[in-house]
Every structure is written in structure tokens, then in C-alpha cells.
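Participant: need a 3D model of the following:
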Amino acid sequence: MVCFTSLVTLALVAPLASASDPPRVVVSKDGKGFVRTPGGEAFRPWGFNYDHDPTGRLIEDYWADEWDRVERDFKSMAGLGANVVRVHLQFGRFMTGAETPDARNLERLGKLLDLAARERLYLNLTGLGCYHKADVPAWYDRLDEAERWAAQARFWTAVAGRCKGRSVVFCYDLMNEPVVPGGRRAAGDWLGPAFGGKHFVQFVSLDQKDRPRPDVARAWTKHLTAAVRAADPDALVTVGLVDWSLDRKGLTSGFVPARVAPELDFVSVHLYPEAGKLDDALKTLDGFDVGKPVVVEETFPLRCSPAELGRFVERAGPRAAGWFGFYWGQPPAELRRSREIKDALILGWLELFERVARSKK
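Facilitator: Reported below is the predicted structural model:
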């Protein structure tokens with residue numbers, strides 16, 4: 001068995017930079033957005049979530065045997081005007097044991113960095129995914145809270161170590177939509193309800209005990225941010241928050257932006273406006289402004305029309321320092337040949353994306 005220490009050592013002695021990497025992105029001095037270094041040019045993330053293909057497969061399901069698909073998709077996203085791509089890395093594909101990273105997938109991640117650099121695309125590397133419940137290792141679900149946090153830190157040590165010094169990495173997103181439970185959950189019940197066959201929400205604890213939920217959220221965020229920064233100190237760190245993370249009445253995640261933001265470089269929110277309720281969405285967006293850049297890390301005309309989403313983006317203006325929609329491997333030309341309603345919706349989104357991208361040049 002290859003030990004964790006050996007793999008991390010190999011990752012840390014890997015080349016620290018590539019001549020083809022774009023300039024490093026950092027938070028601007030005014031704390032409201034991003035700039036490229038060393039020139040200081042403003043950088044506004046305008047990109048895609050690349051979370052699955054048209055059949056629902058995750059990138060680790062096909063990047064070993066269908067690398068040409070990944071290359072084609074990245075070229076298509078760049079052609080549509082994206083400057084950054086959010087890739088969702090699954091815990092079970094990068095950790096074969098609580099202390100053992102998967103060397104093959106770490107190597108493929110390095111290959112992905114090179115591809116992104118060639119296409120002049122930055123990467124948002126979102127980790128710890130457990131989107132397909134059947135693929136989550138049984139041993140991982142059996143870990144207690146402290147053991148699970150330790151395994152998650154080892155994941156990030158390995159991933160950030162492999163990417164150390166690569167300025168093509170825009171940021172590391174610690175986890176997609178983490179939640180602190182209110183009360184106690186059943187043993188091993190770490191995942192939220194499925195949406196479209198995937199579990200995007202994940203609990204960071206199974207038992208609140210007598211702890212305030214925001215305290216648990218901040219402790220978890222601090223623990224994993226430290227692991228990332230120890231391995232790759234120059235990269236930005238964020239976490240993808242559900243829009244019900246604000247400290248309001250009703251359903252909440254426990255990840256109150258004002259409480260976790262001190263451990264992060266910028267705040268990320270997942271926001272899907274509802275038809276006729278753009279003012280409500282803008283009010284929610286304002287709630288995530290806690291003195292650091294706010295990126296809308298997920299949006300899509302899921303509950304409104306593409307035209308309304310376009311108005312939302314326009315009205316949000318400088319309140320959002322960046323945006324991520326979705327790309328599922330179907331370019332506009334292919335979607336135009338389809339007669340399915342869902343494809344027409346996706347096409348409307350991609351046309352909006354391309355139109356806004358052109359207007360920003």
C-alpha cells in the first residue's frame with residue numbers, strides 16, 4: 001500500500017508552475033472583487049459548473065477513458081466566453097482510505113490543470129463531493145465527526161498539494177453546500193436529500209450536541225482552510241453556500257456568512273431566482289455581503305426564464321463579483337437540433353451566457 005505521506009511528498013515536489021498558466025488571481029485591495037497579478041487588471045469570474053455530462057456521469061466516471069470529451073467540453077466552454085470552470089471532485093475518487101489518496105486521479109487532476117491553462121480557463125476546484133451515494137465508501141460514512149474532518153483535511157492536503165503553485169487554480173471550494181444539523185442525525189446519515197439523483201447537500205456533523213450551529217460551521221471551515229493553505233498558500237479559498245444560509249427565521253444551514261467569512265477569501269452563494277421575485281433574490285444576495293467579494297457560484301433559469309435571469313444578472317451589477325452557470329457537455333448547435341423542452345431551456349441559458357460574455361469584452 002502506498003502511504004499518504006509518500007503521495008503528498010510526491011505532490012509537493014511536483015512542478016510548482018507552468019509557463020502556460022494565466023496570471024494569479026487575488027482579491028482586490030478594496031475587498032470587493034478580484035484582480036490579476038502582477039498587472040492589477042480587474043478579473044470578473046464568468047464561468048460554468050462542469051458537474052456532469054448529459055447522462056449524469058461525473059467527470060471521474062469518464063476522464064480516464066474519454067479524455068477527448070473533456071478536451072472538447074473545455075474548448076466549447078472557452079468558446080462560449082467562459083474564463084473559469086468549476087469542477088466538482090468526489091471524495092471517494094480521490095481517497096482510497098482515510099489516509100490514502102488515489103495517485104491516479106491526482107495525476108489526472110494535474111492533466112486537467114494543463115488543459116485548463118491551454119484553453120485560458122481558470123479552475124474552481126470544489127472538493128469532498130459525495131454526489132452519487134452508491135459511490136461513497138462505506139468506511140467513510142462510518143467515521144465519527146473528528147475522523148471525518150481529518151480525512152477531509154487529508155483530501156485537501158493531497159489535492160492542494162498536487163496543484164501547489166499553479167496559478168490556473170482560481171480557488172478551492174471546500175465543499176458544495178455544507179450544512180450543520182439542528183439536533184442529531186442517524187449514524188452514517190451524512191447526505192441531504194437527492195436532487196436529480198445526486199446528493200449536493202452534505203452535513204459536516206451528525207450531532208449538534210450543545211454547540212451553536214455557526215460555531216460548528218466556523219470550526220469545520222477553519223480546519224479545512226488550514227489544510228488547504230498549508231499545502232498551497234497562495235490560492236484563494238471559499239465554500240459553496242446554499243441561499244438559506246442567512247441568519248433568518250425558517251430553514252438555515254448553520255453556515256452564517258458573517259461567521260464563516262473570516263476563514264475565507266471570498267463568499268460563494270448558490271442562488272436561483274424565482275419568476276416575478278427578482279427583488280427577493282437581490283435582497284438575499286445583499287445578505288451575503290459581509291465585507292468580502294461575493295460570487296454567485298451557481299445560478300440557472302431553474303425557477304425563472306432565461307430573460308428574467310438575464311435581468312437579475314444585470315440588476316445585481318457590482319454586488320456580485322462573479323458568476324457561474326452550468327455546462328453539461330451539449331454545445332448550442334447540438335441543442336438547436338433537439339425538440340426537447342429541457343434542451344430549449346439549456347439553449348436559452350447558453351445564449352444568454354454567450355451574449356453577456358460578449359458584452360463584457
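Participant: check which helix or strand the residue nearest the centre of the chain maps to.
Facilitator: Among the residues of the chain, the one closest to the centroid is residue 126, at 3.7 Å (CA atoms, centre = their mean). Using DSSP states H and E, residue 126 maps to strand 122-129.
Participant: mind giving me the packing neighbours of that strand?
Facilitator: Using 3 or more CB pairs under 8 Å, 6 or more residues apart in numbering; DSSP states H and E as the contact criterion, the elements in contact with strand 122-129 are strand 84-90, helix 91-94, helix 103-118, helix 145-163, strand 169-176. Where C-beta positions appear, they are placed from N, C-alpha and C, glycine not excepted.
Participant: show me what the second one is packed up against.
Facilitator: Where contact means 3+ CB pairs under 8 Å, 6+ apart, helix 91-94 is packed against helix 103-118, strand 122-129, helix 145-163.
Participant: can I get those in CSV including mean pLDDT and distance to residue 253?
Facilitator: Converted to CSV, these look like this (pLDDT from 0 to 100; distance: least, CB to CB, whole Å):
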stretch, mean pLDDT, distance to residue 253
helix 103-118, 98, 28
strand 122-129, 99, 15
helix 145-163, 99, 17
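Participant: any chance of these in JSON lines, plus distance to residue 346?
Facilitator: Formatted as JSON lines, those follow (distance: least, CB to CB, whole Å):
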{"stretch": "helix 103-118", "distance to residue 346": "23"}
{"stretch": "strand 122-129", "distance to residue 346": "21"}
{"stretch": "helix 145-163", "distance to residue 346": "30"}
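Participant: so which of those is nearest residue 299?
Facilitator: Distance to residue 299, taken as CB to CB, is lowest for strand 122-129 among the helices and strands packed on helix 91-94, at 14.0 Å.
Participant: quick one: the closest one to helix 145-163, angle?
Facilitator: On the basis of axes from the mean of the first three to the mean of the last three CA atoms, to 10 degrees, strand 122-129 is oriented at 150 degrees to helix 145-163.
Participant: quick one: neighbours of the spatially closest residue to residue 348 that is not a sequence neighbour, just the number.
Facilitator: With CB to CB, 6 or more residues apart in numbering as the criterion, residue 348 has its nearest non-adjacent residue at 3.6 Å, and that residue is residue 306. When counting by other CB atoms under 10 Å, one arrives at 20 neighbours for residue 306.
Participant: can you tell me which residues contact residue 56?
Facilitator: Contact partners of residue 56, counting by CB atoms under 8 Å, 6 or more residues apart in numbering, are 196, 197, 198.
Participant: hmm, which of those residues are the buried ones?
Facilitator: For these, a neighbour count by 16 or more other CB atoms under 10 Å gives the buried set as residue 198.
Participant: what are the ranges of the helices in the stretch 201-350 of the chain?
Facilitator: Secondary structure of the stretch 201-350 of the chain (DSSP state H, counting those that start in this stretch): helices at 213-231, 257-260, 278-287, 306-316, 332-336, 341-359.
Participant: number of nearby residues for the residue nearest to residue 305 when sequence neighbours are not counted?
Facilitator: If you skip the residues right next to it in sequence, residue 305 has residue 275 as its closest partner in space, 6.8 Å away by CB to CB, 6+ apart. For residue 275, the neighbour count with other CB under 10 Å is 11.
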